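In: Dropping a prediction and its sequence here:
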Amino acid sequence: MENCQPTIEKKSLDSTFGSIEISNSNPLLVLYNNRRVSPLLNEKIVFIGQLDSYEKGSEIASHLLNLKISDSKIYRLTDEIGSEVANWLEEEDFRTELPKEGVIYGQMDGSMILTRESGWKETKLGRIFSSQDIYKETNNRN
């Protein structure tokens, strides 16, 4: 007698427990945006990816998670999430109306960052806020 069950196409899903086989029709793949990495492992990989070089991140993941994750996979996931965050930040409008009266503060700073492509690059940051935005821990301070 032949086996009449249809064959189910499967994919592997990386998780903090290791590789898990799931069917192509499993809703988890849609939930995970076809990344084939669980959200918890994805969060851990992206966190590791921003700590140091991707090669060092692969060593860290192997040591702490007991999982072999290539430096290129760490790069891809970190870059993908970074792009999503950049798009979200561009869509958001963080500006607020400043009061016409009161004290307005402006702070600026700059730093040099070593990039892979262009060597050292200067970055600048500015912030403007009113005296009403300052959180007072106590009224007894100067």
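Out: Yep, it's here. Numbers count the residues shown, from 1 in each chain.
In: ok, the residue lying closest to Gly18 once chain neighbours are set aside - contacts?
Out: Excluding the flanking residues, the one nearest Gly18 by C-beta to C-beta, 6 or more residues apart in numbering is Leu67, at 6.7 Å. Any C-beta I mention is one placed from the backbone N, CA and C, and that applies to glycine too. For Leu67, the contact set (C-beta atoms under 8 Å, 6 or more residues apart in numbering) comprises Asp14, Thr16, Gly18, Leu41, Ala61.
In: quick one, strands of the chain?
Out: 10-15, 18-23, 104-115, 119-130 (DSSP state E).
In: Of these, flag the one that's most buried.
Out: Of all the strands of the chain, strand 10-15 has the most neighbours on average by mean count of other C-beta atoms under 10 Å, namely a mean of 16.
In: Tell me which stretches of this protein form helices.
Out: Under the criterion DSSP state H, helices of the chain are mapped to 27-31, 39-51, 54-65, 71-91.
In: In TSV: the ones you listed, plus mean neighbour count and distance to Asp109.
Out: Output for those, formatted as TSV (neighbours: other C-beta atoms under 10 Å; distance: least, C-beta to C-beta, whole Å):
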stretch	mean neighbour count	distance to Asp109
helix 27-31	12	40
helix 39-51	17	21
helix 54-65	16	28
helix 71-91	13	19
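In: Columns distance to Glu101 and mean pLDDT on top of those, output as TSV?
Out: Listed next are these as TSV, based on distance: least, C-beta to C-beta, whole Å; pLDDT from 0 to 100:
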stretch	distance to Glu101	mean pLDDT
helix 27-31	50	61
helix 39-51	42	89
helix 54-65	50	91
helix 71-91	31	89
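In: Looking at these, which is nearest to Glu97?
Out: helix 71-91 (19.8 Å; C-beta to C-beta).
In: and that closest one, what other elements does it pack with?
Out: helix 39-51, helix 54-65 (3 or more C-beta pairs under 8 Å, 6 or more residues apart in numbering; DSSP states H and E).
In: Can you add distance to Arg127 and give the helices of the chain back as CSV?
Out: Shown next, in CSV, are those (distance: least, C-beta to C-beta, whole Å):
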stretch, distance to Arg127
helix 27-31, 37
helix 39-51, 22
helix 54-65, 31
helix 71-91, 15
